[in-house]
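Student: After the sequence you'll find the predicted model.
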Amino acid sequence: FWHPQRDFKRLRGVEDCVVGYCGGQKKNPTYRNIMDSTESYIVEFDPSIISYEEILNEWADMHSPYYPSKTQYRSAIFYTSNKQREAALKKVQDLSKNGSKKVYVDVEPVTSFYRGEEYHQDFLDKQTSTYSSGL
């Protein structure tokens, strides 16, 4: 979840992106004890500058949802409204049309989001200049 956090924060209209855990039933997951949650991030954005659909397009460009994964690393879109749900389902359908691979993306209502540990926030920006410069 580190790369998407950095990449979303660079987009015009994105106000913040926080990494953490979502999608589980058990309370207070952590990286060392993630239980039934999924590594996630919340993107806060100004819809007058960037649309939810544009956020979904960026999300789709950032990863490959073409393989099943255990709960911690699964591909998921958590929505907060029916409009977001419909847009997310359309994006998943569009991804399915673009190739012969099966798409593994769960689309679910957002549950409690638990902010990740501070060392995970802006993790890539905290690394050495060699790592963060891509050398």
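Tutor: Received it, and whenever you're ready, just let me know what you need.
Student: Low-confidence stretches in the protein?
Tutor: Of all residues in the chain, those with pLDDT under 70 make up the ranges 1-3, 98, 117-126, 128-135.
Student: report the longest helix in it, please.
Tutor: Using DSSP state H to define each element, the chain has its longest helix at helix 82-97.
Student: what pairs with the helix or strand following it, and is each one parallel or antiparallel?
Tutor: Remark: after helix 82-97, the chain's next helix or strand is strand 106-109, criterion DSSP states H and E. Here strand 106-109 is paired, per DSSP bridges, with strand 76-79 (parallel).
Student: Tell me where this protein has helices.
Tutor: Secondary structure of the chain (DSSP H): helices located at 2-9, 52-62, 82-97, 123-126, 129-132.
Student: Now do the longest one: everything it contacts.
Tutor: Okay, so that is helix 82-97. 52-53, 56-57, 59-60, 65, 77, 79, 102-103, 105, 107, 109 (CB atoms under 8 Å, 6 or more residues apart in numbering). (Each C-beta comes from the backbone N, C-alpha and C, glycine too.)
Student: how about that helix: buried residues?
Tutor: 84-85, 87-88, 91-92, 95 (16 or more other CB atoms under 10 Å).
Student: Name the member of the residues you listed with the shortest distance to residue 34.
Tutor: Of all the buried residues of helix 82-97, residue 34 sits closest to residue 88, with 22.8 Å by CB to CB.
Student: For the spatially closest residue to the closest one that is not a sequence neighbour, which residues are in contact?
Tutor: The shortest distance from residue 88 to any non-neighbouring residue, by CB to CB, 6 or more residues apart in numbering, is to residue 77 (4.2 Å). By CB under 8 Å, 6+ apart, residue 77 lies in contact with 56, 59, 88, 91-92, 105-108.
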